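[1] I would like the atomic coordinates for the input below:
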Amino acid sequence: MQGPARKIVQAVLYEAIAVAVLSPVIALVYDNGLAHAGALSLMLSASALAWNVVYNYLFEFWERRQLNRVRTFGRRLLHSAGFEGGLVLLLVPLVAWWLQISWWAALVTDLGLFVFFFFYALVFQWAFDRVFDVPVSAQGEVSADACAG
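    Modelled structure (predicted):
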């Protein structure tokens, strides 16, 4: 699977699994009830989904211009760290507001989410690529002549 369909399936599947896992955990940790935690999870998911589309477009734009396009472990780590790092900056205000906690507590909460999602993103992306194959931007090496033109 390639192109826009790949991106849509990847993003929606990623977020659906995340909401299913996070809602009960947030409800348990903050003792706010599953509906309240589920609403936060959905808001976090919608924010992350929008960021996912933007970030993956930018990452693949960069990736297409590399001489070596293979998705190595290091490249997967870079992808996960960049995605989650950007997401932390976006979500702290939302978490603080929704849970009515300080920005510091929201940052700590978000950092906990970062640790979870860092490993989740790494495993999910690897598994997704195994099932659906890697995108064209990550298939093999290209010659220096191909990058110049």
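[2] Now do stretch 115-127: distance to the chain's middle.
    Relative to its chain's centre, stretch 115-127 lies at 8 Å (C-alpha atoms, centre = their mean, to the nearest Å).
[3] Just give me the neighbour total for Leu44.
    25 (other C-beta atoms under 10 Å). For every residue, glycine as well, the C-beta is placed using N, CA and C.
[4] Which residue, other than its chain neighbours, is closest to it?
    Nearest residue to Leu44, sequence neighbours excluded (C-beta to C-beta, 6 or more residues apart in numbering): Leu91, at 6.1 Å.
[5] Any figure for the gap between Pro15 and Gln100?
    Wrong residue type there; residue 15 is Glu, not Pro. 24 Å (C-beta to C-beta, to the nearest Å).
[6] okay, the residue nearest to Leu44: pLDDT?
    At Leu91, the model reports a pLDDT of 92.
[7] elements contacting the helix or strand harbouring it?
    Assigned by DSSP states H and E, Leu91 belongs to helix 73-99. Helix 73-99 sits against helix 34-64, helix 103-132, with contacts defined as 3 or more C-beta pairs under 8 Å, 6 or more residues apart in numbering; DSSP states H and E.
[8] tell me which residues of it are tucked away?
    Across helix 73-99, burial judged by 16 or more other C-beta atoms under 10 Å covers 75-76, 79-80, 83-84, 86-87, 91-92, 94-96, 98-99.
[9] pLDDT check: weakest of those residues?
    The minimum pLDDT among the buried residues of helix 73-99 falls on Glu84, with 80.
[10] what's the distance between that residue and Leu113?
    8 Å.
[11] What's the local residue count around the residue nearest to Val95 when sequence neighbours are not counted?
    If the residues on either side of it in the chain are set aside, Val95 comes closest to Ala106, at 4.1 Å by C-beta to C-beta, 6+ apart. Counted with other C-beta under 10 Å, residues neighbouring Ala106 total 20.
[12] on that earlier part again, close enough to count as contact, the residue nearest to Leu44 and Ala46?
    No. Using C-beta atoms under 8 Å, Leu91 makes no contact with Ala46, being 10.9 Å away.
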